[in-house]
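Engineer: what follows is a predicted structure for the sequence shown.
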Amino acid sequence: MTQILQIDPAATIEAVRRQLAGIRNDRVALDLPEGWAELDNMARMRLVQRQAQIQRCHLGIITRNEPTRKAAQQLGIPVFLHGDEAEHRAWRMRPPLPLIHPRNPAAGLPDAPWARRETIVGEMAQPAAHLTRQRRITTAQRDRLPLPFWMRTLSIVAVGSLIVLFLALFALYVLPAATITLAPGRKPVTALVQLTANPSLTEPDLEINLLPARLIETAVEEQGTIITTGFQQKPVDKATGTVVFSNLGTTAVNIPLGSTVSTSTGNPILFRTTQASGLEASVGARASVPIEAVEPGIEGNVTANQIGTVEGALRFQVRVSNPDGTFGGGSQQARVVTQADRDNLFAELQTRIEAKAYEALQAELQPGEWLPPESVQTFVELPAFSHFNDEETDELQLTLRSQVQGVAVDEASTRVVLFDAVQRDIPAQGKLVADSLLVQRVPGANFIGGNVEFTVTVNAEYVVPIDLAEVRATVAGKTAEQAQAALQARWPLVRPPEIYQDPQWLSTLPQLDNRIQVRVEYAEENGQ
């Protein structure tokens, strides 16, 4: 009878194997859920098949998953689409490989050929431990035999010679010692260091020469006056004349003071009456009325018969004309404001503000800070001019207020960064003399993104490093005079080297480097 084992969709391979371990039927069919792909390869399918072999039952798979079906078929496991097929059909599992017993792997293997059976049994029965013991006994007996007389004599002579040679070498090379005292001198060093002052930093970054800085600001105000340079014609007199009004109807018409008339062609030029008048109640009644131009200037001087338009309600009652021209309109030159005047005055005040900006920011510095001039920036607020363009005036005034900003750099941090930068330019183990540090800023700096980049030239001195191993190698085996000359030629020293030998009767210094002790004394002026 076939047992159908339903597999949970969340089950793993180990869970399936544990379920198979509890099966006691001859045939078991695993009903895999839709989309369950844990057995879609031969390796995992083989694990489940081996579990079924251990349980001595036949395994079948119920699934529609094509990769799972192929893996089962390759291992000889029957595959079904429905559980009914597995229950009502007779089927068996035909694995391509037999099950290997874990405790007896040789079980199931064929017997050896008849010609090799006795050889294999003989090899398995050889007393290997006995043969090894016999070999050890033979070797020990051979090692206990005494050496020949000539070999023993030669050994004693060789050992005695070695002892004598060792004592001679010890007396010549190991016992002598020497102590050399050196006072190293200085060498100059010059470095070109590029620094960056960053207001967002609080501590210097020695690796990339970054300095902490502080953004300072203040306000500067300047006032100035400039003589205007523009000229234009200024209307000063109004043109005058006489117009004739004609009645268009049969009723009397009253012409009030200030009635407006204008020219009929081109740009209309307005005139107004300077006295009141009236027309009789008859068509064509006429009256002469004096007029003057509304605006002063030569535009009011028009020729005869140019005025023909009546403004206002009178246009439907009267007609107007000027039999004679108008005269007397005049103008004269007057100073006016030009854009150039505004630009020049603005530039002048801005220059004055920039000149005062550095001094104004200097007052904002704290002790131990300095201000790079290139970091000073001015931000102009809305300028207040006294007149607009083309406005008549002899003088133009401006009140200019600017916000001034700068970057204050800490001098102590600058010195720390410079000291570290110069230290990288001197030889290893060299000691930089702090008091010798002279700094000169290279003209010109860049103000980028709120940071100030500038370059300084640093002149300093450092105490020359002395390699103790090189000193010992230089003087080994030399006389004291030769050693002093070699050391002074190799390193700049404040004073000649001091050499002490033990024993003093030896003419040369020890040949062995490790028997020479080197002391370096730094003079007071060489301290950092």
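Structural biologist: Done, it's in.
Engineer: distance of V442 relative to V458?
Structural biologist: From V442 over to V458 the distance is 11 Å, taken as Cβ to Cβ, to the nearest Å. For the C-beta atoms, the positions are set from N, CA and C on the backbone; glycine is no exception.
Engineer: overlap of the contact sets of the two?
Structural biologist: L192 (Cβ atoms under 8 Å, 6 or more residues apart in numbering).
Engineer: neighbour count: the two, which is higher?
Structural biologist: The residue with more neighbours, out of V442 and V458, is V458; 19 against 12, by other Cβ atoms under 10 Å.
Engineer: please, which helix or strand holds the residue lying closest to that one once chain neighbours are set aside?
Structural biologist: Nearest-residue entry for V458: A191, 4.8 Å, with adjacent residues in sequence omitted and distances by Cβ to Cβ, 6 or more residues apart in numbering. If you go by DSSP states H and E, A191 is part of strand 186-198.
Engineer: cool, E359 as well?
Structural biologist: Going by DSSP H and E, E359 is part of helix 339-362.
Engineer: and the next element down the chain from that helix?
Structural biologist: strand 369-370.
Engineer: mind checking the pLDDT average for that next one?
Structural biologist: Across strand 369-370, the average pLDDT comes to 80.
Engineer: and stretch 183-190, by the same measure?
Structural biologist: Computed over stretch 183-190, the average pLDDT equals 88.
Engineer: and the residue most central in space within the chain, helix, strand or coil?
Structural biologist: Nearest to the geometric centre of the chain sits I208, at 12.2 Å (Cα atoms, centre = their mean). Secondary structure, DSSP: H, G, I helix; E, B strand; the rest coil: I208 is coil.
Engineer: gap between the residue nearest to V458 and E461?
Structural biologist: As for A191, its distance to E461 is 12 Å (criterion: Cβ to Cβ).
Engineer: tell me where the stretch 101-250 of the chain has helices.
Structural biologist: Taking DSSP state H, counting those that start in this stretch as the test, the helices found in the stretch 101-250 of the chain are 117-124, 128-143, 149-169.
Engineer: those helices: lowest mean pLDDT?
Structural biologist: helix 117-124 - the lowest mean pLDDT of these, at a mean of 48.
Engineer: and R18, backbone torsions?
Structural biologist: For R18, the backbone dihedrals (degrees, to the nearest 10) come out as phi -60, psi -40.
Engineer: who's in contact with the closest residue to P67 other than its chain neighbours?
Structural biologist: Excluding the flanking residues, the one nearest P67 by Cβ to Cβ, 6+ apart is D40, at 3.8 Å. Counting by Cβ under 8 Å, 6+ apart, D40 makes contact with 65, 67-68, 71.
Engineer: is it fair to say P465 lies in a strand?
Structural biologist: No: checked against three-state DSSP, P465 lies outside a strand; its state is coil.
Engineer: so how far is F419 from it?
Structural biologist: 17 Å.
Engineer: do you know how far the nearest residue to V318 once chain neighbours are set aside is from L270?
Structural biologist: Closest residue to V318 apart from its sequence neighbours, by Cβ to Cβ, 6+ apart: F245 at 4.7 Å. Distance of F245 to L270, computed by Cβ to Cβ: 16 Å.
Engineer: you'd agree V494 is up against P184?
Structural biologist: Yes: using Cβ atoms under 8 Å, V494 makes contact with P184 at a distance of 7.1 Å.
Engineer: so between those two, which is more surrounded?
Structural biologist: Higher neighbour count among V494 and P184: P184, with 21 against 15, using other Cβ under 10 Å.
Engineer: what's opposite the more buried one in the beta bridge?
Structural biologist: Judged by DSSP bridges, the bridge partners of P184 are L493.
Engineer: who are the contact partners of it?
Structural biologist: So P184 contacts 463-466, 491-494, 520, 522, 526 (Cβ under 8 Å, 6+ apart).
Engineer: and for the residue nearest to V458, the neighbour number?
Structural biologist: 16.
Engineer: go on, the one 10 residues further on?
Structural biologist: For L201, the number of neighbouring residues by other Cβ under 10 Å comes to 16.
Engineer: for it, what are phi and psi?
Structural biologist: phi -90, psi 150.
Engineer: quick check: closest non-adjacent residue to it.
Structural biologist: P212 (4.2 Å).
Engineer: over to G297?
Structural biologist: Nearest to G297 is P235, by Cβ to Cβ, 6+ apart, at 3.0 Å.
Engineer: near the one you found, how many other residues are there?
Structural biologist: Count around P235 with other Cβ under 10 Å applied: 17.
Engineer: and I23, what element?
Structural biologist: I23 belongs to no helix or strand, assigned by DSSP H and E.
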